[in-house]
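Colleague: Mind folding the following:
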Amino acid sequence: MPHLLEMNQIYKAFGGVPVLNGVDFTVEKGEIHALLGENGAGKSTLMNPLTGVHPLDRGSITFDGAALEHITIPKSEAAGIAFVHQELNLINDLRVYENLFLNRELTGPLGRLKKREMSQIARDLFSELGVSIDPNALVSSLKTSEKQLLEICKALHRKARLIILDEPTTSLSNEEIDRLFSILRDLKEKGTSFIFISHKMPEIFAVADRYTVLRNGTMVQSGDIRDITPAEVTKLMVGGSFFGANAYQERPLGEPVLELRNFSGRGFQNIDLTVRKGEILGLTGLQGSGSSELLQGVFGAVPVTGGTLRINGKPVKSGSIHKAMKARAAMLPADRKENSVVPDMTLLENMYLSEHTLSASKLPIRKKAELARYEKQKELLDIKAASPELLITSLSGGNQQKVFLARWLNTDAELLLLDNPTQGIDVGAKAEIYQLILQLAQAGKTILVNTLEIPELQQVADRCAVFYEGEIVKILPHEDIDEHTVMLYSTNAISQEEAV
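Modeller: Predicted coordinates for the structure are as follows:
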């Protein structure tokens with residue numbers, strides 16, 4: 001039986017540097033195919049010529065038995081290929097049905113929009129998929145999981161037969177992930193194929209039929225998912241050097257740096273917490289439990305309704321990002337695209353942005369001095385970039401995150417608030433981020449790390465604050481941080497066990 005997609009001997013180079021070197025890749029009709037590899041392995045680069053983003057240098061692409069040549073984005077979409085990016089491409093100020101029909105609007109006489117008809121078609125599509133989204137709602141009002149499902153519905157509305165999903169579960173809860181996977185399996189049974197790009201091994205093995213591993217722009221191995229283990233896949237991705245060892249190192253702690261008393265705000269309440277100099281405090285809980293909101297509250301990004309906040313012994317007026325920055329606090333937000341990346345700026349410009357926000361009244365930017373600081377941070381954080389003049393969007397997720405960390409280190413921040421800092425980056429880059437966090441703590445930085453991934457907290461956290469419905473229900477020492485214990489508290493199951 002012919003493949004739905006066949007990519008043969010795909011070559012691609014940028015600036016004379018090869019990034020894909022003779023890659024072969026196939027997808028069958030009605031399958032979920034996991035495309036795996038570290039950041040920079042070539043996964044997105046392989047998808048770009050297929051979806052018309054970049055032209056091929058050499059190689060051939062066949063889709064449903066027909067050769068695809070001189071591929072453009074419209075030509076790829078017309079063939080039945082859709083790309084749902086990790087950083088969603090929706091227009092928040094439009095309604096759900098307007099996003100669904102964007103550039104394909106239904107019109108009547110004199111070009112008037114058939115709003116009711118488009119809304120009803122959207123409603124019928126959602127109903128068929130078991131998706132509960134109001135077609136007339138503004139996209140800005142949707143949860144992240146609903147936006148993810150809307151992107152998939154857009155692809156299906158455009159009659160896509162192959163849908164590329166890039167890290168589709170990054171911001172979803174376990175329940176939302178289960179719902180998404182149920183929809184994917186139903187669509188697979190109806191003949192839709194998926195390319196599933198993810199770094200989360202449990203998800204890959206739960207939903208994928210086949211896998212392909214890329215490393216350094218070459219295809220390493222492909223096969224049935226049932227014939228391989230997660231550990232074997234990881235070794236293929238990183239070339240045999242598996243970063244599984246525990247990186248945690250205990251260190252002496254100093255005086256209190258962050259003090260919260262009865263701190264309350266949107267999504268969290270009654271927080272009493274003291275974090276000391278050089279300490280790494282992990283925050284976790286179910287999606288929406290309040291841990292992310294607390295970081296935003298400390299940084300002044302969400303409203304605070306009560307309580308006190310002190311940094312280095314001094315009270316800080318809540319609700320002001322600028323005042324938090326002046327108190328030497330810094331924050332890496334969870335959503336890089338919306339809250340960190342300035343896509344039209346270079347690496348250098350992205351890196352010095354925060355420092356010059358604080359020093360706006362000082363002398364103009366001196367490029368020579370900024371280049372010297374860039375080189376220092378590049379060496380310190382091991383940022384892999386050919387030139388500071390490259391656009392930030394040219395870097396992998398892990399290296400982007402290092403640039404944003406450097407952005408805050410340039411401000412001499414002492415309190416680092418890291419919200420899901422390894423979101424969407426591979427196991428090798430994660431290990432580097434863990435080491436950076438530990439090194440910064442060793443150098444005296446005070447760090448709060450919010451994540452849903454308990455193995456991350458086992459790698460770095462001295463203590464772990466578990467949230468349930470906006471409150472801290474338990475603070476665990478390092479030696480007690482494990483999946484079972486955290487889940488008991490984050491689901492409030494521990495009170496049920498104690499009651500028995």
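Colleague: what bridges to Thr308?
Modeller: Arg261 (DSSP bridges).
Colleague: Per-residue pLDDT of it, please?
Modeller: Thr308 carries a pLDDT score of 94 in this model.
Colleague: number of nearby residues for it?
Modeller: Using other C-beta atoms under 10 Å, Thr308 has 13 neighbouring residues. Bear in mind the C-beta positions are built from the backbone N, C-alpha and C, glycine included.
Colleague: pretty sure it contacts Ser264?
Modeller: No - taking contacts as C-beta atoms under 8 Å, Thr308 lies outside contact range of Ser264: 10.5 Å.
Colleague: how much space is there between Ser193 and Ile81?
Modeller: 10 Å (C-beta to C-beta, to the nearest Å).
Colleague: got the contact list for the closest residue to Arg276 other than its chain neighbours?
Modeller: Once flanking residues are discounted, Arg276 sits nearest to Leu253: 4.3 Å by C-beta to C-beta, 6 or more residues apart in numbering. The contact partners of Leu253, by C-beta atoms under 8 Å, 6 or more residues apart in numbering, come to 276-279, 462.
Colleague: returning to what we had before: quick one: common contacting residues for Ser193 and Ile81?
Modeller: With C-beta under 8 Å, 6+ apart, Ser193 and Ile81 have common neighbours 161-162.
Colleague: wait, doesn't Val298 sit right on Val257?
Modeller: No - Val298 is beyond contact range of Val257, at 11.4 Å (criterion: C-beta under 8 Å).
Colleague: More neighbours: which of these two?
Modeller: Neighbours per residue (other C-beta under 10 Å) separate Val298 from Val257, with Val298 holding more: 28 against 24.
Colleague: tell me the phi and psi of the more buried one?
Modeller: phi -60, psi -40 (degrees, to the nearest 10).
Colleague: can you count the residues close to Arg95?
Modeller: The burial count for Arg95: 21, using other C-beta under 10 Å.
Colleague: Next one, pLDDT for it please.
Modeller: pLDDT, read off for Arg95, is 95.
Colleague: And the one 4 residues further on, by the same measure?
Modeller: Looking at Asn99, its pLDDT reads 93.
Colleague: So it versus Asp93, what's the distance?
Modeller: For Asn99 relative to Asp93 (C-beta to C-beta), the value is 10 Å.
Colleague: Between those two, which is the more surrounded one?
Modeller: Asn99 (22 against 9).
Colleague: For the more buried one, what is the enclosing helix or strand?
Modeller: helix 96-100 (DSSP states H and E).
Colleague: Which residues does that helix contact?
Modeller: In contact with helix 96-100 (C-beta under 8 Å, 6+ apart) are residues 90-91, 115, 118-119, 121-122, 125, 133-139, 142, 150, 153-154, 157.
Colleague: What of stretch 187-198?
Modeller: By C-beta under 8 Å, 6+ apart, stretch 187-198 touches 4-5, 27-36, 43-44, 47, 156, 160-169, 184, 204, 207-208.
Colleague: what separates that stretch from the chain centre, distance-wise?
Modeller: 21 Å (C-alpha atoms, centre = their mean, to the nearest Å).
Colleague: Also stretch 180-189?
Modeller: 22 Å.
Colleague: Ok, stretch 250-260 next?
Modeller: From the chain centre to the centre of stretch 250-260 is a distance of 29 Å (C-alpha atoms, centre = their mean).
Colleague: Tell me which residues of it come out buried.
Modeller: 253, 256-260 (16 or more other C-beta atoms under 10 Å).
Colleague: Kindly report the same for stretch 65-76.
Modeller: 68, 71, 76.
Colleague: Give me the distance between the two termini of that stretch.
Modeller: 14 Å (C-alpha to C-alpha, to the nearest Å).
Colleague: what sits against the nearest residue to Asn420 once chain neighbours are set aside?
Modeller: Nearest non-adjacent residue to Asn420, counting by C-beta to C-beta, 6+ apart: Ala334, 4.2 Å away. The contact partners of Ala334, by C-beta under 8 Å, 6+ apart, come to 171, 292, 419-420, 423, 450.
Colleague: For the residues you listed, give me CSV that also has secondary structure and distance to Asn350.
Modeller: Below are the contacts of Ala334 laid out as CSV (DSSP: H, G, I helix; E, B strand; the rest coil; distance: C-beta to C-beta, whole Å):
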residue, secondary structure, distance to Asn350
Ser171, coil, 22
Ser292, helix, 23
Asp419, strand, 18
Asn420, coil, 19
Gln423, coil, 18
Asn450, strand, 22
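Colleague: Now rank those residues by neighbours and give me the top one.
Modeller: Asn450 (26 neighbours).
Colleague: who are the neighbours in contact with that residue?
Modeller: 282-284, 291-292, 294-295, 334, 417-420.
Colleague: Residue ranges in the protein under the pLDDT threshold?
Modeller: 1, 15, 39-40, 171, 240-246, 335-343, 353-365, 397, 424-429, 494-500 (pLDDT under 70).
Colleague: Walking through the stretch 351-500 of the chain, point out its strands one by one.
Modeller: With strands called from DSSP state E, counting those that start in this stretch, the stretch 351-500 of the chain shows them at 415-419, 446-450, 463-468, 471-477.
Colleague: What is the last one packed up against?
Modeller: Just to be clear, that refers to strand 471-477. strand 268-276, strand 463-468, helix 483-490 (3 or more C-beta pairs under 8 Å, 6 or more residues apart in numbering; DSSP states H and E).
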